[in-house]
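S.K.: how would this look folded up:
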Amino acid sequence: MPGHVLIVDDDAETRRLLREYLQKQGYRATAVADGRALRAALGTARPDLIVLDLMLAGKDGLELCRDLRTRSNLPIIMLTARDEETDRVVGLEMGADDYVVKPFNPRELLARIKSVLRRARSLPDNLEPEAAAWFKFSGWVLDAATRNLTSDRAPMPEDGPLEVARAAHAFNTMRASLSRYLRERSATLAAMSHDLKTPITRLRLRAELLDDGELKQEISQDLHDMESMVQATLAFMRGGDSAEPIQPLDVTALLESLQADAEEVGAHVSIEGSTDRPYPGRPQALKRCLSNLVDNACKYGNRAEILVEDDERQLVIRVLDQGPGISEAQLERVFEPFYRIERSRSRDTGGTGLGLTIARAIAQIHGGTLVLHNLKRGGLEAMLTLPRPATVIDDR
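M.R.: Here you go, the predicted model:
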C-alpha cells in the first residue's frame, strides 16, 4: 500500500469522494469532519499524511495545523478555496507541507501527496517542531503561537491641543471602522469562495471516478468554465483589491510569458518595445489584467500586438487587435460589470462580462488608467497607463 491518508473536511460528500478516489489509487484512506474527530482518529492510528481543509467548524485548518506542529512533523497538505498569495504563505508558515486550492484536479492532489510522502520518508520522524515566530506581510503581523493578527501601523497619537486630539481620535475611529469592514468583507468573500468552489471540487472528483473517457473530458471542460466564472466573479467582488504585496516586476518577462502561453494554444501575439526597469506593482494582479487584454485581442481580433513605451513618468502598454472594433457608444460601457456586446452567453462567443471590469480595477489600484480606442486602420486598442512613481500605488 502506498500509505495511509487521513482526510479532514467539513463537507461529507467531498470526504466520501476523496476517500473513494484515493482508495482507488491504492491508498488506505480515512476521513473525518473536524478537529475533535481528527484527534480521535490520531489516537487510534497514525496516518502517513493528513489532507486538511482550511475552513472547518470549531478550530479551523490553520489552528489545527499549528497544534499538530507543536507535537509532530506529520506531513500536512492544506486544502482551501482561498487563492490569495498571503493565504498560501501563512498556511505554509504555520506548518503545512503543501497547499492545494479548490477546486483542484484530483490528479494534481495525488501528485502532491506522492511528492510530500517521498520527502517525508527521507527525513527522520523525531525532528523538533519549529519554534513559534512572527510573520510580517502587507502591513500585518501574525503571531504563529497565538494566531493573533494585528496591524503593524501604530494609531495616531491622541494628545496635544484639544482640536488636534479630537481630530486624531476621529481619524483613529474611522481607521478602526475601515479595518473592521475590510476584515468582515474578507471573511464574507472567503466563505463565499468556499461555498462556491466546494461543489465544483465534488464534481471534479466524481468526473475522475468515471470510466468513460470522452464523458470525463466533456464534464471537465464544463467544470473549467464554471471555475473560470466563479474566479472572475470573486475577483470582481474584491474590487481589484488584493493582499498581494507590491514588489519589483519584470514587465518584459511577464509579457513574454503571456506571449508563450497564448502561442501554446495557437494564438498569435507579437511584442514591440521593452523596458529594462522593474515596475513596482502586484505581479499576479497585473498578470491578470494584461492576460485579460491579450485574451480579448486574440479571441475577438484574431491576434494581439503588444506595444511597450516607458519613460521617467509612466509605463504604457498598448494591446492592439485586428478585429472589427466596437461602437463609440460602447467604449465605456464594456467596462461595466457583466456587460457584454454579445448577448447569447455562449462560452464559444463570449465570457462572463467581467474581464475588462477587473482589468480596469487593477489598473486603478496601481494609480493607472485603462481605456479603449478604435483604430483608424480597423481593430481595437486597449491602452494601459501605469505611473512610474511608487508613491502613487494604493498599498492597502
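S.K.: next, count neighbours for L354.
M.R.: By other Cβ atoms under 10 Å, 23 other residues sit near L354. Yep, even glycine has a C-beta here, placed from its N, CA and C like the rest.
S.K.: T357 belongs to a helix?
M.R.: Yes: per DSSP: H, G, I helix; E, B strand; the rest coil, T357 lies within a helix segment.
S.K.: if I look at it, what pLDDT would I see?
M.R.: Model confidence at T357, given as pLDDT, is 86.
S.K.: likewise for D48?
M.R.: 95.
S.K.: who's in contact with it?
M.R.: Shown in contact with D48 (Cβ atoms under 8 Å, 6 or more residues apart in numbering): 3-5, 75, 117, 120.
S.K.: same deal with G368?
M.R.: Counted by Cβ under 8 Å, 6+ apart, G368 has contacts 314, 384-387.
S.K.: so where's the stretch 1-150 of the chain uncertain?
M.R.: 1, 82-91, 93, 123-150 (pLDDT under 70).
S.K.: ranges for the helices of it?
M.R.: Remark: helices assigned in the stretch 1-150 of the chain by DSSP state H, counting those that start in this stretch are 12-24, 35-44, 61-69, 85-93, 106-121.
S.K.: who's in contact with the first one?
M.R.: By Cβ under 8 Å, 6+ apart, the surrounding residues in contact with helix 12-24 are 5, 7, 9, 29-33, 51, 106, 110, 113, 198, 201-202, 205-206, 208-209.
S.K.: next one: the second one
M.R.: Helix 35-44 is contacted by residues 6, 8, 30, 32, 47, 50, 56, 58-59, 63-64, 67 when judged by Cβ under 8 Å, 6+ apart.
S.K.: now, which of those lie within strands?
M.R.: Using DSSP state E, the subset of the contacts of helix 35-44 located in strands is 6, 8, 30, 32, 50.
S.K.: can I get the buried part of the residues you listed as one PyMOL selection?
M.R.: To isolate the buried ones among the ones in strands among the contacts of helix 35-44 in PyMOL, judged by 16 or more other Cβ atoms under 10 Å, type:
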select buried, resi 6+8+30+32+50
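S.K.: domains for this structure, by residue range?
M.R.: 1-238, 247-392 (automatic domain parsing).
S.K.: widest-spaced pair of the contacts of helix 35-44?
M.R.: Greatest spatial distance in the contacts of helix 35-44: T30 and E63, 21.2 Å, computed using Cβ to Cβ.
S.K.: L258 and L286 touch, don't they?
M.R.: No: between L258 and L286 there is no contact under Cβ atoms under 8 Å: 10.6 Å.
S.K.: these two touch, right, P106 and L210?
M.R.: No: assessed by Cβ under 8 Å, P106 is found out of contact with L210, at 11.5 Å.
S.K.: higher neighbour count, these two?
M.R.: Under the criterion of other Cβ under 10 Å, the comparison of P106 against L210 puts P106 first, with 21 against 13.
S.K.: for that one, what are its contacts?
M.R.: 18, 21, 204-205, 208.
S.K.: and the strands in the stretch 151-300 of the chain, which stretches?
M.R.: Secondary structure of the stretch 151-300 of the chain (DSSP state E, counting those that start in this stretch): strands at 247-249, 269-272, 279-281.
S.K.: tell me which other helices or strands the longest one touches.
M.R.: With contacts defined as 3 or more Cβ pairs under 8 Å, 6 or more residues apart in numbering; DSSP states H and E, strand 269-272 has these neighbours: helix 251-264, strand 304-310.
S.K.: from A253, how far off is G213?
M.R.: 37 Å (Cβ to Cβ, to the nearest Å).
S.K.: kindly report the same for A262.
M.R.: Taken as Cβ to Cβ, the span from A262 to A253 is 15 Å.
S.K.: ok, the two, which is more surrounded?
M.R.: Ranked by neighbour count (other Cβ under 10 Å), A262 and A253 place A262 first, with 19 against 11.
S.K.: in TSV: the helices of the stretch 1-150 of the chain, plus distance to Y279.
M.R.: Shown next, in TSV, are the helices of the stretch 1-150 of the chain (distance: least, Cβ to Cβ, whole Å):
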stretch	distance to Y279
helix 12-24	40
helix 35-44	44
helix 61-69	33
helix 85-93	18
helix 106-121	31
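S.K.: among the ones you listed, which comes closest to Q221?
M.R.: When those are compared by Cβ to Cβ, helix 106-121 sits nearest Q221, at 15.6 Å.
S.K.: CA-only coordinates of that closest one in PDB, if you can.
M.R.: Taking Å, rounded to 0.1, in the frame of the first residue of the first chain, the C-alpha atoms of helix 106-121 are listed here in PDB:
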ATOM      1  CA  PRO A 106      -7.700  15.200  -8.300                       C
ATOM      2  CA  ARG A 107      -4.600  14.100 -10.200                       C
ATOM      3  CA  GLU A 108      -2.800  17.200  -9.100                       C
ATOM      4  CA  LEU A 109      -3.600  16.400  -5.400                       C
ATOM      5  CA  LEU A 110      -2.500  12.800  -6.000                       C
ATOM      6  CA  ALA A 111       0.800  14.000  -7.400                       C
ATOM      7  CA  ARG A 112       1.300  16.400  -4.400                       C
ATOM      8  CA  ILE A 113       0.500  13.600  -2.000                       C
ATOM      9  CA  LYS A 114       3.200  11.400  -3.600                       C
ATOM     10  CA  SER A 115       5.700  14.200  -3.600                       C
ATOM     11  CA  VAL A 116       5.100  15.100   0.100                       C
ATOM     12  CA  LEU A 117       5.300  11.500   1.200                       C
ATOM     13  CA  ARG A 118       8.600  11.000  -0.700                       C
ATOM     14  CA  ARG A 119      10.100  14.000   1.100                       C
ATOM     15  CA  ALA A 120       8.700  12.900   4.500                       C
ATOM     16  CA  ARG A 121      10.000   9.400   4.200                       C
END
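S.K.: having no further points to raise, I will conclude here.
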